[in-house]
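Peer 1: following is a predicted model, sequence given first.
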Amino acid sequence: MALAIVAPNKSEKELNAWKGIFLELAPDIDLQIYPEIKDKALVEVVVLWQHPKNILKEFPNLKLICSMGSGVDHIMSDYFPENVPITRIVDPRLTFSMTNYVVMGILNYHRQFKRYLIDKKTKTWDMTQPEIPISVGVMGVGELGGDVLDKVNALGFPCFGYGNSPKASFRYPYYYGDQIQDFLDQVNIVVCLLPLTSKTEGFLNADLFAKFKEGTYLINVARGSHLVEEDLIPAIKSGRISGVLLDVFRKEPLDKNHPFWEQDEIMITPHIASITNYKAAAPQIITNYRNLSKNMPLINEVSVEQGY
């Protein structure tokens with residue numbers, strides 16, 4: 001039973017690191033790296049990241065699909081065989097990095113760090129209103145969103161959660177579905193950590209921005225496809241959005257001619273809020289490889305119906 005890694009956008013150095021950890025932890029596994037796959041009929045487990053479209057049609061005996069990261073939208077948005085389970089990576093270090101990034105963005109806005117960078121250039125000494133009062137709303141309250149809320153709450157800021165479905169109990173005020181306006185009325189910072197599904201694609205759009213409080217600050221660290229990019233700058237110009245922190249984009253790398261580069265209110269980082277650690281991810285994939293061969297339950301299996 002061969003295992004294939006299909007991640008054409010990973011560098012040779014990154015793929016060698018993955019190869020090395022597999023050889024260290026599971027030398028018995030027949031590991032093959034795309035595009036040098038000897039016999040696709042022998043491959044029963046595939047590990048995917050930003051894979052070529054329809055690549056899974058080329059593996060006739062596939063029994064398990066593993067995402068190389070925590071997200072599975074790259075799998076769900078493409079062809080995958082019915083009844084073949086899909087798993088993802090759950091990495092505490094990924095959560096740690098993501099939460100730190102989001103908290104950094106929140107605190108930079110709260111303490112107006114950008115304002116003081118401008119003041120330094122103009123040699124301006126302005127001590128007025130050093131803090132902006134904030135109330136934080138997190139859309140998507142899974143493992144990542146829940147951890148962000150915990151850290152924001154620990155800092156003493158009001159915080160609220162929003163999701164697509166009801167929750168019997170949640171440790172913070174929680175809104176779902178059509179309660180989006182009630183949620184947005186509570187907050188002036190919106191953090192998007194929604195899973196990317198057919199329901200949430202394009203969720204950050206002009207209609208939603210029109211519901212924002214005047215001057216809301218937006219952070220998107222989920223997926224680029226959540227944002228209707230052409231709707232963002234008009235919302236900034238109208239004053240509905242005061243600033244934005246973006247780590248993800250519909251097309252990456254972001255084109256050098258993209259208007260976001262020229263917009264002072266938009267802070268851009270190159271999809272670095274959290275990076276999957278191969279040393280944490282590989283053991284999970286190996287465990288599922290073993291469990292599959294023994295007909296045992298898989299870990300971190302994704303609900304195909306929900307999309308996460």
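Peer 2: Received the coordinates, thanks.
Peer 1: my guess is residue 105 contacts residue 219. True?
Peer 2: Yes: using Cβ atoms under 8 Å, residue 105 is in contact with residue 219, at 4.9 Å. (C-beta placed from N, C-alpha, C; glycine too.)
Peer 1: okay, now the domains of the protein?
Peer 2: 2-91+276-293, 92-268 (automatic domain parsing).
Peer 1: so which of those gets nearest residue 304?
Peer 2: Proximity to residue 304 (Cβ to Cβ) singles out domain 2-91+276-293 among those, at 6.5 Å.
Peer 1: helices of the stretch 101-250 of the chain, residue ranges please.
Peer 2: All helices of the stretch 101-250 of the chain, identified by DSSP state H, counting those that start in this stretch, fall at 113-122, 143-154, 180-184, 206-209, 232-237.
Peer 1: secondary structure element holding residue 31?
Peer 2: Following DSSP states H and E, the helix or strand that holds residue 31 is strand 30-33.
Peer 1: for residue 113, give me its contacts.
Peer 2: Shown in contact with residue 113 (Cβ atoms under 8 Å, 6 or more residues apart in numbering): residue 107.
Peer 1: doesn't residue 306 make contact with residue 197?
Peer 2: Yes: using Cβ under 8 Å, residue 197 is in contact with residue 306, at 7.3 Å.
Peer 1: distance to residue 302 and mean pLDDT added to the domains of the chain, as a markdown table?
Peer 2: Listed next are the domains of the chain as a markdown table, based on distance: least, Cβ to Cβ, whole Å; pLDDT from 0 to 100:
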| stretch | distance to residue 302 | mean pLDDT |
| --- | --- | --- |
| domain 2-91+276-293 | 5 | 95 |
| domain 92-268 | 10 | 97 |
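Peer 1: compile the ones you listed into CSV and extend it with columns for distance to residue 301.
Peer 2: Formatted as CSV, the domains of the chain follow (distance: least, Cβ to Cβ, whole Å):
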stretch, distance to residue 301
domain 2-91+276-293, 5
domain 92-268, 15
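Peer 1: follow-up on the earlier one: identify the contacts common to residue 105 and residue 219.
Peer 2: Joint contacts of residue 105 and residue 219 (Cβ under 8 Å, 6+ apart) are residue 245.
Peer 1: sorry, back to before: the more surrounded of residue 197 and residue 306?
Peer 2: Legend: neighbour count by other Cβ atoms under 10 Å for residue 197 and residue 306, higher for residue 197 (18 against 12).
Peer 1: how near is that one to residue 241?
Peer 2: 24 Å (Cβ to Cβ, to the nearest Å).
Peer 1: then residue 101?
Peer 2: Distance from residue 101 to residue 241, counting by Cβ to Cβ: 19 Å.
Peer 1: neighbour-wise, which of those two wins?
Peer 2: residue 241 (23 against 19).
Peer 1: how many other residues sit next to the residue nearest to the more buried one when sequence neighbours are not counted?
Peer 2: In space, and not counting its chain neighbours, residue 241 is closest to residue 235: 4.6 Å by Cβ to Cβ, 6 or more residues apart in numbering. Neighbourhood size, residue 235 [other Cβ under 10 Å]: 20.
Peer 1: residues in contact with residue 235?
Peer 2: 206, 209, 210, 212, 241.
Peer 1: and if you look at residue 159?
Peer 2: Residue 159 makes contacts with 135, 136, 137, 138, 149, 152, 153, 172, as judged by Cβ under 8 Å, 6+ apart.
Peer 1: pretty sure residue 285 sits against residue 66.
Peer 2: Yes: contact status for residue 285 versus residue 66: in contact at 5.1 Å, counting by Cβ under 8 Å.
Peer 1: overlap in contacts, these two.
Peer 2: By Cβ under 8 Å, 6+ apart, the residues touching both residue 285 and residue 66 are 45, 47, 87.
Peer 1: center of the protein, which residue is that?
Peer 2: The residue lying closest to the centre of the chain (Cα atoms, centre = their mean) is residue 222, at 3.3 Å.
Peer 1: roughly how far apart are it and residue 74?
Peer 2: For residue 222, the distance to residue 74 - Cβ to Cβ - is 13 Å.
Peer 1: try residue 281
Peer 2: From residue 281 to residue 74 the distance is 15 Å (Cβ to Cβ).
Peer 1: having no further points to raise, I will conclude here.
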